[in-house]
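[1] Based on what follows, work out the 3D shape:
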Amino acid sequence: MTGKKVTMKTIEISLPDIYQLAYDCLRQAGANHDNADAVADTVMRAERDGSVSHGLFRIPGYLATLKSGKVNGNANPQPEQVTPAFIRCHGENGHAPLAINRSIEMLANSAKICGVAALSLTHSHHFAALWPETEALAERGVVGFACVSYTPMVAPAGGTEALFGTNPISFAWPRLNQPPLVFDMATAAMAMGEVQIAARDNHSVPLGTGLGPNGELTEDPKEILKGVLLPFGGHKGSAISMMVELMAGPMVGEGFSFEAAASDNGDGGPPQGGEFILAISPQIMGGDNWAEHAEKLFSKLESYEGIRLPGQRRHKMRNDTGPRAVNSELLNKLRGILTAFGGKGFRVVLNTFNRVQFVSYAHDFTAIDRALLKVIGDCELIVDHRSDFQALR
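    Prediction:
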């Protein structure tokens, strides 16, 4: 396999349309509004920030878990303040974003009171990037750390058989008057989603990413998908991955990656698992000068040619609110899923605020209060108020 990257066909789609497509797919597969909204928003933000391996690319996996019944599309997770510094949230076997969204504020407030606070999330299905939760903590003025395991995909250093998940970790540091510093990284040499996209788009990956089925190093992602990923940094990454297994497993009352795989139904979506999230108050720990002191390091780093801080690329992309290029095959697949469910695309035009346009792929016309809407032909709906559009969703 050569190192040449093959250009794939893409279709430009707006951020509101990305959200709506994800939302409608999830609703049609059985998720209620709160769960579909939380996941669709996470997916949209991933596409917005250039994290395409955690954007619409993940929707088929989310849908598989709903259709198989493994995931509870009506989960109603409620975080519990166990001690002043510890919060527990039972995910009710739902997708993780809703439980995380409902727990973050409580966790940040606990850290601001106690200095350090932890959240254990259990009985949930995590399939997104980790930066949304740590960034949310940093936006509230506290340092965030999170880790989550998955199913075996990574061989421990020196081995050739998968034992660890890709086991990502994320860290976020709050900054004054600018976005937080955030990194989110797999403890594998490359995240599995990135390997899958490389295989889909027919381009190579760096040597050391993984082994083929013959146990030999390869640059071919398709061979790695038949074989096994490797940890980053050899034994160092392997040790960090083992730490994640412990922190997102026994530490929060959940299983290891190999245990999650053993109990999973193999539908192609995320297994049940746990997540460990830590919040720390730099004000309490470091004193009044913590922010100014940290900026000295950031300024020093940025003074070197070719150096950028983690997360800067994402935030630069975030400032662009225009459409995003989505793989056309993926987009057609998702639209086909809606059609298979009986879906029918239609355009919603808001009269207020300069007639801002949204495209919806929902099909449940029976759920719409027709007194609010005027049907033109069989595809265009006029909505008089922004709240009416919310009711449509």
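[2] can we go C-alpha only for contacts and neighbour counts from here?
    OK.
[3] list the contacts for residue 205?
    3, 195, 198, 219, 220, 221 (Cα atoms under 8 Å, 6 or more residues apart in numbering).
[4] how about those residues, which pair is most distant?
    Maximum pairwise distance in the contacts of residue 205, criterion Cα to Cα, is 13.9 Å, between 3 and 195.
[5] how about low-confidence regions in the protein?
    For the chain, residues meeting the criterion pLDDT under 70 lie at 1-8, 341-393.
[6] domain parsing for it?
    9-68+320-342, 75-188+231-310, 344-393 (automatic domain parsing).
[7] Report all helices and strands that the helix of greatest length in the chain contacts.
    The longest helix of the chain (DSSP state H) is helix 96-114. On a contact count with 3 or more Cα pairs under 8 Å, 6 or more residues apart in numbering; DSSP states H and E, helix 96-114 meets helix 33-48, strand 86-95, strand 116-125, helix 131-139, strand 273-280.
[8] can you do 6 Å?
    helix 33-48, strand 116-125 (3 or more Cα pairs under 6 Å, 6 or more residues apart in numbering; DSSP states H and E).
[9] Only the buried residues of it, if you could.
    96-101, 103-104, 106-112 (16 or more other Cα atoms under 10 Å).
[10] follow-up on the earlier one: so can I have a markdown table of the helices and strands packed on helix 96-114 showing distance to residue 140 and mean neighbour count?
    A markdown table is the format used below for the helices and strands packed on helix 96-114 (distance: least, Cα to Cα, whole Å; neighbours: other Cα atoms under 10 Å):
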| stretch | distance to residue 140 | mean neighbour count |
| --- | --- | --- |
| helix 33-48 | 18 | 22 |
| strand 116-125 | 14 | 25 |
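[11] and residue 316, which of the ones you listed is closest to it?
    helix 33-48 (10.2 Å).
[12] Can you show me the CA trace of that closest one as PDB?
    Below are the C-alpha coordinates for helix 33-48, written out as PDB (Å, rounded to 0.1, in the frame of the first residue of the first chain):
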ATOM      1  CA  HIS A  33     -35.800  13.500  22.400                       C
ATOM      2  CA  ASP A  34     -33.400  14.100  25.300                       C
ATOM      3  CA  ASN A  35     -31.100  11.200  24.300                       C
ATOM      4  CA  ALA A  36     -31.200  11.900  20.600                       C
ATOM      5  CA  ASP A  37     -30.600  15.600  21.200                       C
ATOM      6  CA  ALA A  38     -27.500  14.900  23.400                       C
ATOM      7  CA  VAL A  39     -25.900  12.500  21.000                       C
ATOM      8  CA  ALA A  40     -26.800  14.600  17.900                       C
ATOM      9  CA  ASP A  41     -25.300  17.700  19.500                       C
ATOM     10  CA  THR A  42     -22.100  15.700  20.300                       C
ATOM     11  CA  VAL A  43     -21.900  14.400  16.800                       C
ATOM     12  CA  MET A  44     -22.400  17.900  15.300                       C
ATOM     13  CA  ARG A  45     -19.700  19.400  17.500                       C
ATOM     14  CA  ALA A  46     -17.300  16.700  16.400                       C
ATOM     15  CA  GLU A  47     -17.900  17.500  12.700                       C
ATOM     16  CA  ARG A  48     -17.700  21.200  13.500                       C
END
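[13] tell me which residues in the helix or strand following that helix are buried?
    Once the chain leaves helix 33-48, the next helix or strand it forms, by DSSP states H and E, is helix 59-68. In terms of neighbour count (16+ other Cα under 10 Å), helix 59-68 has its buried residues at 59, 60, 62, 63, 64, 65, 66, 67.
[14] what do you get for stretch 80-91?
    81, 85, 86, 87, 88, 89, 90, 91.
[15] Tell me the one among these nearest to residue 257.
    residue 91 (17.7 Å).
[16] I'd assumed residue 124 was in contact with that closest one.
    Yes. Using Cα atoms under 6 Å, residue 91 is in contact with residue 124, at 4.7 Å.
[17] And for stretch 264-277, what's in contact with it?
    61-62, 64-65, 118-125, 127, 145-148, 248, 254 (Cα atoms under 6 Å, 6 or more residues apart in numbering).
[18] what's the answer for stretch 151-158, then?
    So stretch 151-158 is in contact with 161-165, 228-230, 234-235, 238, 257-258, 261, going by Cα under 6 Å, 6+ apart.
[19] In this structure residue 44 contacts residue 21, no?
    No. With contact defined as Cα under 6 Å, residue 44 does not count as touching residue 21 (9.6 Å).
[20] coming back round to it: okay, the longest helix of the chain in PDB with CA atoms only?
    In PDB, the C-alpha atoms belonging to helix 96-114 read as follows (Å, rounded to 0.1, in the frame of the first residue of the first chain):
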ATOM      1  CA  ALA A  96     -23.200   8.500  27.500                       C
ATOM      2  CA  PRO A  97     -23.800  12.100  26.400                       C
ATOM      3  CA  LEU A  98     -27.000  12.700  28.300                       C
ATOM      4  CA  ALA A  99     -25.600  11.400  31.600                       C
ATOM      5  CA  ILE A 100     -22.400  13.500  31.100                       C
ATOM      6  CA  ASN A 101     -24.400  16.600  30.300                       C
ATOM      7  CA  ARG A 102     -26.500  16.200  33.500                       C
ATOM      8  CA  SER A 103     -23.500  15.500  35.700                       C
ATOM      9  CA  ILE A 104     -20.800  18.100  34.600                       C
ATOM     10  CA  GLU A 105     -22.300  21.100  36.500                       C
ATOM     11  CA  MET A 106     -22.600  19.200  39.700                       C
ATOM     12  CA  LEU A 107     -19.000  17.900  39.300                       C
ATOM     13  CA  ALA A 108     -17.600  21.400  38.700                       C
ATOM     14  CA  ASN A 109     -19.400  22.900  41.600                       C
ATOM     15  CA  SER A 110     -18.200  20.100  43.900                       C
ATOM     16  CA  ALA A 111     -14.600  20.800  42.800                       C
ATOM     17  CA  LYS A 112     -15.000  24.500  43.500                       C
ATOM     18  CA  ILE A 113     -16.100  23.700  47.100                       C
ATOM     19  CA  CYS A 114     -13.800  20.700  47.900                       C
END
